[in-house]
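Peer 1: show me how the following folds:
(2 chains)
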Amino acid sequence: MAKLPILQFEEKIIDTVEQNSVVVIIGETGSGKSTQLSQILYRRGYTGSGNVAVTQPRRVAAVSVARRVAQELGVQLGEEVGYAIRFEDRTSEKTRIKYLTDGVLLRESLSNPDLNQYSVIILDEAHERSLNTDILLGLMKRLVKMRASNLKVLITSATLDGSKVSRFFSNCPILTVPGKLFPVEILYSTELPKSYIESSLKTAIDIHVREPEGDVLIFMTGQDDIEKLVVKLEERVQSLEEGSCMDAIILPLHGSLPPELQVRVFSPPPPNCRRFIVATNIAETSLTVDGVVYVIDSGYVKQRQYNPLTGMYSLDVVQISKVQANQRAGRAGRTRPGKCYRLYPSMVYHDDFLDVTVPEIQRSSLAGSVLYLKSLDLPDIDILKFDFLDSPSSESLQDALRQLYLIDAIDENGSITSVGQTMAELPLESSLSRMLMEANECGCLSQALTVAAMLSAETTLLPGRSKSTEKKRKHTPSDLPDGSGWGDHIQLLQIYEQWDQTDYDPDWCKDHGLQVRGMMFVKDVRKQLSQIMQKMARGSLDVRAKERWKESRQDYKNLRKALCAGYASQLAERMIHHNGYRTLGFKSQLVQVHPSSVLRADEDGMLPNYVLYHELVATTRPYMRNVCAVEMSWVVPILKKLENLNINKLSGGSNQVEDRTEEKSSDSPKKSVDVARPPNDAESRIQEARDRFLARKAKR
DNA sequence: GAGCACTGC
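Peer 2: Below is the predicted model of the structure:
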């Protein structure tokens, strides 16, 4: 077996690490950085006083790389080499090299901020810029100053721009290790296509007819487009003259595909047969398909974004970055020289594409992260001045502070409260952590645990979207409990309680259109949460706990009250004459209850005056997803708190921020509630891009 | 009367 490129750099790496606390290592795909760096340091005695930690953004990566390294060192997994991911810790006293997800390292840092069990911390795949990696980068900067004598930090990245990370760490050295990628020829379109599905189809067939063997990987934005293209490809391939070219297999690949269908891409094709894999960006980093020689890149991706001014999430089709385009192209060069067909002109790539993907920290709600950092209680850290590689906007940080204040996690001066301290220890969104704390006071903790666990698995819980959904639909809704009209949280509770009654029968899930894996995940989460809450719980944590009020009333009043405390920053008030709502908060939004909700209207057809919502999503319209009825008397004190909110004080008074709360909260709705959103799919986006491109070309 | 990129504690 050929030596991995990184091994030729062993001396250089050791020399550099010896002389510096922080080193950036740029290693392209196939350099061996993920498996070899830890072994080099282990071999060279860096595990004398502590262990080597290697973080990974994904669970599967942590497990598979650990397994590989254990094999290479000829040891049992869990002994000298182990891994730790949520629900699974395979390490022991003997462990010297530990692979873990970055989320797990953050949790460890909570109970041991100095992380002194480690002598080396390697942040792998830092270029992916996951929210957790970004927070770890900030923490490492502080940690290397404190532990300069006994800690080494290595940051690895696959992209060529290590200078930014190096500058962040006071110009630390950058080592570059070549990868084992074959050259990939890039072919641009001369125009932006009218339809990117048609254009992908044409390119795919051209490759099939003209090019030698090798699989084709096509990047699309989502399930819908993938299914359309798969159908069209099948038609076209069948209409080709028999014997004119080799056989073809067409495989879809996306996250909502059941795992047994996902793994089909790992079995090699029969001889004289070409595979077409039509995939989302799951094939960009998460899954590596062997045998790909041709890549077709539409240049688009679906990205979830959070707007801190409105509290609204949206899933938008956006142009990819140059880094992403190159990552996609690289997928063609893993086994031999390949080709990448970009369905956009090089001018668009150079002028329109961002250099790097907008990091997750600038696209997410930061309530959880801010609470986490506050809970570390680092004396030298001011949250609004925290040293991030890329700072989130001040709007985003203020949004997080407002949310945390409303749910009592921080006080009016921005200091963490004892409630907030406990909340940070729970692996949940802060709203759900707060609900658990309140439920513990209200005597409904066991129910709240169930609701929190069910919401943690929200997406996997939805009825499977098989083709039979249409038929199932007639039976399923009546089979599932209806939340007694109070709303979706109550329904989730009732679903789990029914499943519990069957002793967690997988068939019961299938019969009721629930995903078995999703429900098993809920069970795991509930168990984990119970363990954490055990030490402070005031009542039973058992699903079947008989709570004192349960027999007499079925209005779930205590649970809804606990929910209201948790969702104090996610409340809405119904309009006077119709069933539209306006959100109560910094910037009022006109929203509607999502049609899938089980919230019930009264005999006059009116919905409750006040509701809480789990999430605000802008799809075809602004919707509240997962709502629950609350009472006005619970809302009033929260509104009072909202009136007195002073963002300058919350921010620690350290920066001059304009307080816009006053003017916004008095806003009265002007527009109708039916604010439809323009279409948001790749074909519409490409039309817009095409218009822009043609206009610009005409000018030149 | 809707609609599901991808991760993770």
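
Peer 1: tell me where the model's unsure across chain A.
Peer 2: A:1-2, A:160, A:243, A:379-382, A:458-478, A:546-553, A:653-675 (pLDDT under 70).

Peer 1: how's it carved up into domains?
Peer 2: If you go by automatic domain parsing, the domain ranges for chain A are A:5-177, A:184-358, A:413-561, A:567-644.

Peer 1: with distance to residue A:383 and mean neighbour count as extra columns, can I get the ones you listed in JSON lines?
Peer 2: From N, CA and C alone the C-beta is placed, and that goes for glycine too. Shown next, in JSON lines, are those (distance: least, C-beta to C-beta, whole Å; neighbours: other C-beta atoms under 10 Å):
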{"stretch": "domain A:5-177", "distance to residue A:383": "11", "mean neighbour count": "19"}
{"stretch": "domain A:184-358", "distance to residue A:383": "15", "mean neighbour count": "18"}
{"stretch": "domain A:413-561", "distance to residue A:383": "7", "mean neighbour count": "18"}
{"stretch": "domain A:567-644", "distance to residue A:383": "17", "mean neighbour count": "18"}
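
Peer 1: of those domains, which is nearest residue A:692?
Peer 2: domain A:184-358 (8.1 Å; C-beta to C-beta).

Peer 1: end-to-end on the closest one?
Peer 2: 25 Å (C-alpha to C-alpha, to the nearest Å).

Peer 1: ok, now stretch A:186-193?
Peer 2: 17 Å.

Peer 1: for the residue in the stretch 501-650 of chain A that DNA strand B sits nearest to, give me its contacts.
Peer 2: Closest approach between the stretch 501-650 of chain A and DNA strand B, counting by C-beta to the nearest atom of the strand: residue A:619, at 2.7 Å. Shown in contact with residue A:619 (C-beta atoms under 8 Å, 6 or more residues apart in numbering): A:314-315, A:677.

Peer 1: thinking again about what came up before, out of the domains of chain A, nearest to residue A:385?
Peer 2: Residue A:385 lies closest to domain A:5-177 among the domains of chain A, at 11.0 Å (C-beta to C-beta).

Peer 1: off-centre distance for the closest one?
Peer 2: Remark: domain A:5-177 is offset 22 Å from the chain centroid, using C-alpha atoms, centre = their mean, to the nearest Å.

Peer 1: just to be sure, residue A:72 is in a strand?
Peer 2: No: assessed with DSSP: H, G, I helix; E, B strand; the rest coil, residue A:72 is helix; it does not lie in a strand.

Peer 1: what parts of the stretch 501-650 of chain A come near DNA strand B?
Peer 2: By the rule C-beta under 7 Å from any atom of the strand, the part of the stretch 501-650 of chain A lying against DNA strand B is A:594-596, A:617, A:619-621, A:623.

Peer 1: is residue A:287 in a helix, a strand, or coil?
Peer 2: coil.

Peer 1: sorry, slip of the keys, the one I care about is residue A:54.
Peer 2: strand.

Peer 1: same check on residue A:697?
Peer 2: helix.

Peer 1: near it, how many other residues are there?
Peer 2: Neighbour count for residue A:697, taken as other C-beta atoms under 10 Å: 11.

Peer 1: wait, residue A:370 sits on residue A:399?
Peer 2: No: using C-beta atoms under 8 Å, residue A:370 and residue A:399 do not qualify as a contacting pair, with a distance of 9.5 Å.

Peer 1: quick revisit: got the phi and psi for the residue of the stretch 501-650 of chain A closest to DNA strand B?
Peer 2: Note on residue A:619: backbone dihedrals following degrees, to the nearest 10 are phi -110, psi -110.

Peer 1: now residue A:357: closest residue in space, sequence neighbours ignored.
Peer 2: Distance criterion C-beta to C-beta, 6 or more residues apart in numbering; nearest residue to residue A:357, sequence neighbours excluded, is residue A:321 at 4.4 Å.

Peer 1: the stretch 501-650 of chain A: strands as residue ranges?
Peer 2: Per DSSP state E, counting those that start in this stretch, the stretch 501-650 of chain A carries strands over the ranges A:571-574, A:581-584, A:590-593, A:610-618, A:622-630.

Peer 1: in TSV: those strands, plus distance to residue A:159.
Peer 2: Output for these, formatted as TSV (distance: least, C-beta to C-beta, whole Å):
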stretch	distance to residue A:159
strand A:571-574	42
strand A:581-584	39
strand A:590-593	39
strand A:610-618	31
strand A:622-630	35
